[in-house]
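Visitor: Need a 3D model of the following:
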Amino acid sequence: QVQVVESGGDSVQAGNSLRLTCVVTYTGCNKEASWDRQALGKEREFVAGIDTDDNARYLDSVKGRFTISQDNAQNTVYLRMNSLKPEDTGLYFCKRRCWKNGRLRDFWGQGTQVTVAS
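Guide: Below is the predicted model:
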């Protein structure tokens, strides 16, 4: 069973920081990971991702403010969010890519809520 669990979401004032954590309870995952978010009434959007070569990419509006990283064991992925803005509000989801039944598949968590007040 592959479980992806996000945590670290909170309600903060604009300008503050948060660190989101994504833990996967499975040892068959590779380095690829990403964070998406979905604001109320809007489509889900990609926020940050990291590939098997540790290359990171970001949504343009979060570049320079957000940083994706992972621990050496690759079980935990972080999203450090600085200088938060009200438009960063949303439910943040973590995706991990894992080998399951001989196939590489994507697994998502249930999300953690980030609310940024102006």
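Visitor: Would you check that Gly49 makes contact with Asp36?
Guide: No: Gly49 is beyond contact range of Asp36, at 9.1 Å (criterion: CB atoms under 8 Å). (Each C-beta comes from the backbone N, C-alpha and C, glycine too.)
Visitor: Can you tell me the closest non-neighbouring residue to Lys95?
Guide: Of all residues not flanking Lys95 in the chain, Ser34 sits nearest, at 4.8 Å (CB to CB, 6 or more residues apart in numbering).
Visitor: Doesn't the one you found belong to a strand?
Guide: Yes: per DSSP: H, G, I helix; E, B strand; the rest coil, Ser34 lies within a strand segment.
Visitor: Who is the residue nearest the centre of the chain paired with across the strands?
Guide: The residue lying closest to the centre of the chain (CA atoms, centre = their mean) is Trp35, at 2.9 Å. Counting by DSSP bridges, Trp35 forms beta bridges with Ala48, Cys94.
Visitor: Now do the same contact list for it.
Guide: Contacts for Trp35 were tallied using CB atoms under 8 Å, 6 or more residues apart in numbering; they are 20, 22, 46-49, 68, 77, 79, 92-95.
Visitor: Let me have those in CSV, extended by pLDDT.
Guide: Shown next, in CSV, are these (pLDDT from 0 to 100):
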residue, pLDDT
Leu20, 98
Cys22, 97
Phe46, 98
Val47, 98
Ala48, 98
Gly49, 98
Ile68, 97
Val77, 95
Leu79, 98
Tyr92, 98
Phe93, 98
Cys94, 98
Lys95, 97
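Visitor: What subset of those residues is buried?
Guide: 20, 22, 47-49, 68, 77, 79, 92-95 (16 or more other CB atoms under 10 Å).
Visitor: from those residues, which is closest to Gly111?
Guide: Checking those against Gly111 with CB to CB, the nearest one is Phe93 at 4.7 Å.
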